[in-house]
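Student: return a 3D structure for these sequence lines:
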Amino acid sequence: MRVLLAPGAMSPEPGGAPITGLGLGARGVAEALASGWSRARPDDALALLPIADGGPGLTTAIQPSAVEDRAVLDVPGPLGQARQAPLVRLARAAGARGGGLGGATWVLDAASASAVPTDRREAGREAQRGSTRGLGEAVRQALERAREGDVLVVGLARAAAHDGGAGLLDALGGPEGARALIAGRDVVLALADTSPLGGMNGAGQGLIALTGLAPAVVQDLDRGACSRASALLPALAGGDRAPKALPIGQAPGAGMGAKGHRDEPLRPSAWGTGAGGGAAIILRALGARALPGARVMAGLTGLEAAAEEADLVITAVGEAYDILADSVVDVVGAAASRLALPAVLVTGLSAVPRGELAAAGIVSQYALTPAGDGGQWFDGGPRVIARRLEGLGERLARTWSR
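Tutor: Residues are numbered from 1 along each chain as shown. As a prediction, this is how the structure comes out:
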């Protein structure tokens, strides 16, 4: 039997955003499930294709054979702490799948430079005093390596730092310096989080759950971030917005325009402006295109072609409360459904009704049980999660292999 393992990362979401330091990356999930499956059914053919969503660990999900060169960029974190942002240049064949027009395709895991801390108190300090400057440093270094005609995919996710992207713009050299760096390069934002910067459902309001800060404090922080971003936008107007290497992997999802993001005025309440503490809105104002990260990475890694060679597709996510449009589960389920393939979902915790799963192309789901009485699915950290996924992999093989 031919099985395609195309999971996303599995991380807990205690504050509504993945805390990657407590979970297991997409590649680790795929390897653990494959290890367990192979023990039970060693003759089955397994293809591992982890699907990143633009969050921390983005480049580790890319197949090593698809990488031509890699570097680790040293940058400051939100509070000046040492952080790293991995950068890879894809081999020509992989870049061509993304729709490149002859230039190289680079992938920057900028989200790792601003990952939400596991400690809520530290997250609160980042929210109150943190900066997006480190994200700007990572993007600047990546743009300096890229040449005109190249595509730079920048992975961005939810962050605790929330300065409206002001620090990022400073690190890029202000409006003029940023334009010069980006000129001739196609910058694509692979967004793990498509929330707006401000508003009732924005990244700012999400800080209450992530940090434990009082609502009044968060409201002031959010107001300041949105005001800074709004003040910066006029100076950034006129960025090169012409589509270049469309599509990156797959066509934009419903409601998106030709530029790769939703057709609405760029403002703090707009779709896809809140990632990276507001880094997304500044980069978009400079001409970057914004796309759901799972769609970008599914295209770059060749999900559609891999599904054509499979009899069964397995995907995974840490916590599922509904099937979000353009999420890893949605993208993988749709790829399987188009080929009339059964798709199975593995989760740490799931509260998705069967009907919603079926609509997303998922025929069955399996959840990790708590590690102990009263425990949580992620107790014990990545090693324990991997061990339990191996056991689940064996169970899946005994159930589905034929």
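
Student: isn't W271 up against T194?
Tutor: Yes. Look at W271 against T194 with C-beta atoms under 8 Å: they come within range, at 5.9 Å. All C-beta spots, glycine's among them, are computed from the backbone N, C-alpha and C.

Student: now for the chain, the helix or strand with the poorest mean pLDDT.
Tutor: The weakest-scoring helix or strand in the chain, judged by mean pLDDT, DSSP states H and E, is helix 92-97 (a mean of 66).

Student: quick revisit: the more surrounded of W271 and T194?
Tutor: The neighbour comparison of W271 against T194 (other C-beta atoms under 10 Å) goes to T194, with 25 against 18.

Student: separation between that one and E319?
Tutor: Separation of T194 from E319 (C-beta to C-beta, to the nearest Å) stands at 17 Å.

Student: what helix or strand is the most centrally placed residue in the chain on?
Tutor: Geometric centre of the chain, nearest residue: G54, 2.0 Å, by C-alpha atoms, centre = their mean. Assigned by DSSP states H and E, G54 falls within no helix or strand.

Student: nearest residue to it other than its sequence neighbours?
Tutor: Of all residues not flanking G54 in the chain, G293 sits nearest, at 2.4 Å (C-beta to C-beta, 6 or more residues apart in numbering).

Student: for burial, what's the neighbour tally of that neighbour?
Tutor: By the measure other C-beta under 10 Å, the count of residues near G293 is 33.

Student: so for it, what's the pLDDT?
Tutor: For G293, the pLDDT comes out at 97.

Student: likewise G98?
Tutor: 56.

Student: let me know how buried the spatially closest residue to R39 that is not a sequence neighbour is, in neighbour terms.
Tutor: Computed as C-beta to C-beta, 6+ apart, the closest residue to R39 that is not its neighbour in sequence is E394, at 5.7 Å. Residues lying near E394 (other C-beta under 10 Å) number 18.

Student: thought E394 was touching A34?
Tutor: No. E394 lies out of contact with A34 (C-beta under 8 Å); the separation is 11.0 Å.

Student: which element follows the longest helix belonging to the chain toward the C-terminus?
Tutor: The residue-count maximum for a helix in the chain (DSSP state H) belongs to helix 215-236. Using DSSP H and E, the helix or strand that follows helix 215-236 in sequence is helix 279-285.

Student: sheet partners, orientation included, of the helix or strand following that next one?
Tutor: Remark: after helix 279-285, the chain's next helix or strand is strand 289-292, criterion DSSP H and E. Here strand 289-292 has these sheet partners by DSSP bridges: strand 186-191 (parallel).

Student: can you state the direction angle for the helix or strand following the strand it pairs with and helix 215-236?
Tutor: Per DSSP H and E, the first helix or strand lying C-terminal to strand 186-191 is helix 203-211. Helix 203-211 runs at 140 degrees relative to helix 215-236, counting by axes from the mean of the first three to the mean of the last three C-alpha atoms, to 10 degrees.

Student: report the buried residues of helix 203-211.
Tutor: 203-208, 210-211 (16 or more other C-beta atoms under 10 Å).

Student: before we move on, what about stretch 390-400?
Tutor: In terms of neighbour count (16+ other C-beta under 10 Å), stretch 390-400 has its buried residues at 390, 392-394, 396-397, 400.

Student: for this protein, just list every one of the helices.
Tutor: Using DSSP H, helices in the chain cover 26-40, 92-97, 120-129, 133-145, 166-171, 174-182, 203-211, 215-236, 279-285, 293-301, 303-308, 328-338, 354-359, 381-400.

Student: could the ones you listed be laid out in a markdown table, adding distance to P64?
Tutor: Converted to a markdown table, the helices of the chain look like this (distance: least, C-beta to C-beta, whole Å):
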| stretch | distance to P64 |
| --- | --- |
| helix 26-40 | 10 |
| helix 92-97 | 11 |
| helix 120-129 | 32 |
| helix 133-145 | 20 |
| helix 166-171 | 30 |
| helix 174-182 | 29 |
| helix 203-211 | 33 |
| helix 215-236 | 37 |
| helix 279-285 | 28 |
| helix 293-301 | 12 |
| helix 303-308 | 16 |
| helix 328-338 | 20 |
| helix 354-359 | 32 |
| helix 381-400 | 19 |
